[in-house]
Structures are given as C-alpha cells and as structure tokens.
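K.L.:
got a predicted model here, sequence first, then my questions.
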Amino acid sequence: MSELTKDSYGAEQIKVLDGLEAVRKRPSMYIGNTAEEGLHHLIYEVVDNSIDEALAGHCDTISVIIHEDDGVTVVDNGRGIPVDMHPTENMSALELVMTTLHAGGKFDHSTYKVSGGLHGVGVSVVNALSSRMVAEVRRNGNVYRQTYEYGVRASDLEEVGTSEATGTRITFFPDPEIFTETTVFKYEIVKTRLRELAFLNRNIRITLKDERDGAEDVFYYDGGIVSYVTYLNRNRTRIAGDVTVAENEDFNSLVGSEQFLFGTGFGAITDIETGPDGNLYILEDSIRVFPFPEINIRIFANDKKEGIQRMPSMKFFYCFIGVADAGFFNLKGRN
C-alpha cells in the first residue's frame, strides 16, 4: 500500500477558509501572480473602481500617488463608498466592501451599468494582500476613515472631519510576506496603464505622482480612442485622410463600440459597412492603393492592408473570464 493510501482522509481534512483568508492562501488565483505583474495589479484594481465611477458619470478626476515607503494612494472625486450601516450584514457598507469577497455595487446593475470588474472582489483582494490599508471617504458633508491590517478591520469607522467635496481615497501597503519578490512599484509600468485608461475613457483626468523622485504625469484626452490611435502612430506618416470612427450604440449586449482605422502604408480605408449581423466590415473595393511610381513592385492584398490600424472599444455586460478579468467569454467580444 502506498504512503498516499495510508494517509487518513476524512471530514476533518476538509478545510473552510473564512473571509479573506482564501485570498492570502491563494493570491495568484485573484491577481495572476505575486511577482511584479501581480503587485501592479493591486493598483489597477483600486483605480478600476474609480474608473467605474467615471463610467457612471460621477467622477472626472483620479490621482495615483506612489509613496517613498512603497505605499500607494488612489484618490477620486466620485460619490464616495457608502458608509451607512448595511441592512443585513451588521457593519457599515464601507467595511463590507473592504473586507468581504463578492460585496459591492457591481451586482446592482442600476448603480453601474457597465464596470471594469464583475465579481466584487477587487478592493477587498487588495486589502487582503496589504499589510495595512486606510480608506477615507468624503460623503454627506463629512470625512470618514477606517483602517485595516491584512484584510481585517483594525479600527472603527470614524468621522474625522467635514468636506463639501465627495470621493474616495484608498492608501495601501503591499504585504512583503505575500510579495516576496518585490514590493517596489515601477513608475513606467503604472504610467503606461494609466495612459491607456485615459485614452479609453475620454474626458477623465488621471494624475500620476511619484514621491520617490518627484516624477509626475497628467493624462487627459478629449479625443478618446482617436487620440489613442494618433498616439500609437506618432512615429508614422499618415498618407490619407483623418482617423475615422464608426459607432454602434445598440449592439447586442454592447453598450458602445468605436472602431478607428489608420492608413500609413500602401493603402487607406475609404469605406466601411455594417453587415446584417451588426458587425463592421471593410470592403475590399474600398481599399485604395496609393501609387509609388519609383517602386517597381507588384502590390498584393496584404500590402494594401499594411499600416491600417483598427482599434475597437467595447463595453459588454457580464462577460469577463476569471477573477482577474483576463478576457471575454462573449463571442462577439472575442471576435
């Protein structure tokens, strides 16, 4: 008999992980890994909550500050996380959101029609993987604060001041016992992500500051993805027309879709059509070839498409794969 079959396996071997203990036990399940990528994912989760407030029309300014002690602060001017007592959970809504998996406004679809998350685990996971977190909420004319350690409440919810402004301020310190490889955030990685978010969510001002060396950047693009395509092609020569856009506001579960094309090679798009299935198609006849007499070569179909860039931006309901939102299960989103 093998050692495996000798081992007892009964009801006492079945473990139940309470609260956020599961997150600390298997962090990679929630943030991908505990290396550099997972570390930066903590910032993305908190920022995504602020982006959701912006998508709902309640926020237009987000600030991210990297502190000298490896802490990070994310501030927005949204409505502020509710702080009143939850009707059934015997704790404030703030504490519930910060310390409980699958708790949040994403399940009430009148609050957030679309969001960057699906499962209600984002900020609570960040809390669980932080040695310390401070949540400060400006709401109802007051300023409220509560602290947490390793995902557990460390202080009562306190009223610490007054404010006419609204919004949420989250400061967290990654737990070095979880992130054993590094707890140092890289400015350029955060900068790239925040720039993309500003492109994808036009008219939102996102500021990034680094107290370690004084670096600072501000991202604001009223052109949205038009600005993104222009930015991606900043080192190319545009040979025809402007960046074009096709929009569809009612595409199955699609809330909004924008697609842009950029011609910088042999050809440029002159026409796009919407097919019977609602998809956008580039007509072969609409690809106009620009002659280069001095180049004696034969032009093929793929040559016509060279340099043409297509940038879709889609907002779907309930279609993320995995807790870390790694992809779509919606077939139209995949295609």
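P.N.:
Looks like it arrived, so ask away. Residues are numbered from 1 along each chain as shown.
K.L.:
use CA for all of it now, contacts and neighbours both
P.N.:
Will do.
K.L.:
quick one: Thr166 and Arg138 touch, right?
P.N.:
Yes - counting by Cα atoms under 8 Å, Thr166 touches Arg138, with 4.5 Å between them.
K.L.:
mind giving me the packing neighbours of the longest strand along the chain?
P.N.:
For the chain, the strand that runs over the most residues, judged by DSSP state E, is strand 130-139. Contact partners of strand 130-139 among helices and strands, from 3 or more Cα pairs under 8 Å, 6 or more residues apart in numbering; DSSP states H and E: strand 142-149, strand 167-174.
K.L.:
ok, back up a step: common neighbours of Thr166 and Arg138, please.
P.N.:
Arg79, Gly80 (Cα atoms under 8 Å, 6 or more residues apart in numbering).
K.L.:
between these two, who's got more neighbours?
P.N.:
Arg138 (27 against 20; other Cα atoms under 10 Å).
K.L.:
tell me the contacts of that one?
P.N.:
So Arg138 contacts Arg79, Gly80, Tyr144, Thr162, Ser163, Glu164, Ala165, Thr166, Gly167, Thr168 (Cα under 8 Å, 6+ apart).
K.L.:
isn't the first one up against Ala165?
P.N.:
Just to be clear, that refers to Arg79. No - between Arg79 and Ala165 there is no contact under Cα under 8 Å: 9.0 Å.
K.L.:
higher neighbour count, these two?
P.N.:
Neighbours per residue (other Cα under 10 Å) separate Arg79 from Ala165, with Arg79 holding more: 20 against 16.
K.L.:
roughly how far does that one sit from Glu211?
P.N.:
Counting by Cα to Cα, to the nearest Å, the separation of Arg79 from Glu211 is 27 Å.
K.L.:
same check on Val46?
P.N.:
Distance from Val46 to Glu211, by Cα to Cα: 19 Å.
K.L.:
now swap in Asp70 and tell me
P.N.:
Counting by Cα to Cα - Asp70 and Glu211 are separated by 10 Å.
K.L.:
restrict stretch 62-77 to CA atoms and write it as PDB.
P.N.:
Extracted C-alpha coordinates of stretch 62-77, given in PDB (Å, rounded to 0.1, in the frame of the first residue of the first chain):
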ATOM      1  CA  ILE A  62      -8.300  60.400 -10.500                       C
ATOM      2  CA  SER A  63      -5.000  60.700  -8.800                       C
ATOM      3  CA  VAL A  64      -2.400  58.000  -8.100                       C
ATOM      4  CA  ILE A  65       0.500  58.700  -5.700                       C
ATOM      5  CA  ILE A  66       3.400  56.300  -5.200                       C
ATOM      6  CA  HIS A  67       4.900  57.000  -1.800                       C
ATOM      7  CA  GLU A  68       8.500  56.600  -0.600                       C
ATOM      8  CA  ASP A  69       7.600  53.700   1.700                       C
ATOM      9  CA  ASP A  70       6.200  51.500  -1.100                       C
ATOM     10  CA  GLY A  71       2.600  52.600  -0.300                       C
ATOM     11  CA  VAL A  72       0.200  53.800  -3.000                       C
ATOM     12  CA  THR A  73      -2.700  56.200  -2.700                       C
ATOM     13  CA  VAL A  74      -5.600  56.400  -5.200                       C
ATOM     14  CA  VAL A  75      -8.000  59.300  -4.900                       C
ATOM     15  CA  ASP A  76     -11.100  60.100  -6.900                       C
ATOM     16  CA  ASN A  77     -13.900  62.700  -6.900                       C
END
